[in-house]
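Peer 1: Pasting a predicted model and its sequence here:
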Amino acid sequence: MASKKTRIGGVSSRFGVGILYGSRISFATRLKNGEIAVFSQDISSRSALYRIPFLRSLMVFRQLFLVFFLARKNLVRLSKDGLVDLQRGRRLIGTLLFVALYITTSYFVLPLIDNLAPLLRAVIFILLLMVLIRLFFSLVLGDQSLKYHGAEHKVINTFLAGDSLTLPAALRSSRFAFRCGTTLATFFILLELLIPDTAYQFLVDHLGSTLGVCIFFFLILGLAYELLSIFSRKKSGTWLRFFAAPVSKMQLLTTREPSVKELEVALSAIRAAVGWWPQPDGDELI
């Protein structure tokens, strides 16, 4: 690995929870008969790129995508065996509805606020974004994903607190986590609003539209990840409180308090990744 610390992170969907811990990934889902199926796999996590700012964000996303592919592969197999229902028809309709709403917002609503004061425009933009995020979870991912997202946070918070990975300990943990994809998305949006349009135009003019957009996106994403890493290491402080407040409000949209059923799935996933009785000293979120 790139450091002495072991990276831990998670992903969730309407079907279950995936956990990444160092060089091991796992995914757990609940079958139609009520049983929990768990899958795990070892991956390569040794790369000097983890030491390089900006580039390490791509390496982290690569690992999380491997968790996604592990889940996808096994869910398809379970679906063929009749053990899970992928609900493809419902997901397709939800996706089409969300795309229609997104296009309507982008091409018909946002142009109406272009001439407003910058601060007012930013506030309206963020409010519209919050609505789109909530609709995305409801129409595309499904409300079940909100509970699994909350369960993912709870079990990781339990692990990082040094508690045993048991149901009572997980129930006591918070469903909110500062180091989360919601936070990263919030930082990304704020940076995109704050960075002058001239920077974007400069890249497009000198590198072409396709490459310029890709580089601009990568730079903002990398900067958002580095800011997230810096603030996540702080235990307290004015700046942390300043950023944590809106993030917790955003996570009200992207998480929901899980039931015992979702927590059991999340606990199965993290146990498979880190072991039954982990010693989390020195670990950090990715």
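Peer 2: That came through fine.

Peer 1: pLDDT of the helix or strand where Leu252 lies, averaged?
Peer 2: Using DSSP states H and E, Leu252 sits within helix 238-254. Per-region confidence: helix 238-254 scores 72 on mean pLDDT.

Peer 1: Just the helices from the stretch 151-286 of the chain, written as ranges.
Peer 2: Taking DSSP state H, counting those that start in this stretch as the criterion, the stretch 151-286 of the chain contains helices spanning 167-172, 181-194, 197-207, 209-233, 238-254, 260-274.

Peer 1: low pLDDT regions in the protein?
Peer 2: Across the chain, residues meeting the criterion (pLDDT under 70) sit at 1-5, 45-47, 49-50, 89-91, 234-245, 276-286.

Peer 1: So for it, the centremost residue is which one?
Peer 2: What sits nearest the mean C-alpha location of the chain, by Cα atoms, centre = their mean, is Gly181, with 3.1 Å.

Peer 1: For Ala48, see how far away that one is.
Peer 2: Counting by Cβ to Cβ, to the nearest Å, the gap from Gly181 to Ala48 is 25 Å. To be clear about C-beta, it is placed using only N, CA and C from the backbone, and glycine gets the same treatment.

Peer 1: Same question for Leu160.
Peer 2: Distance from Leu160 to Ala48, counting by Cβ to Cβ: 26 Å.

Peer 1: Gln144 now?
Peer 2: Where Ala48 is concerned, Gln144 sits at a distance of 39 Å (Cβ to Cβ).

Peer 1: Which residue of these two possesses the greater neighbour count?
Peer 2: Neighbour count, other Cβ atoms under 10 Å: between Gln144 and Ala48, Gln144 has more, with 17 against 10.

Peer 1: ok, back up a step: and of the helices of the stretch 151-286 of the chain, who's closest to Ile52?
Peer 2: helix 209-233 (9.8 Å; Cβ to Cβ).
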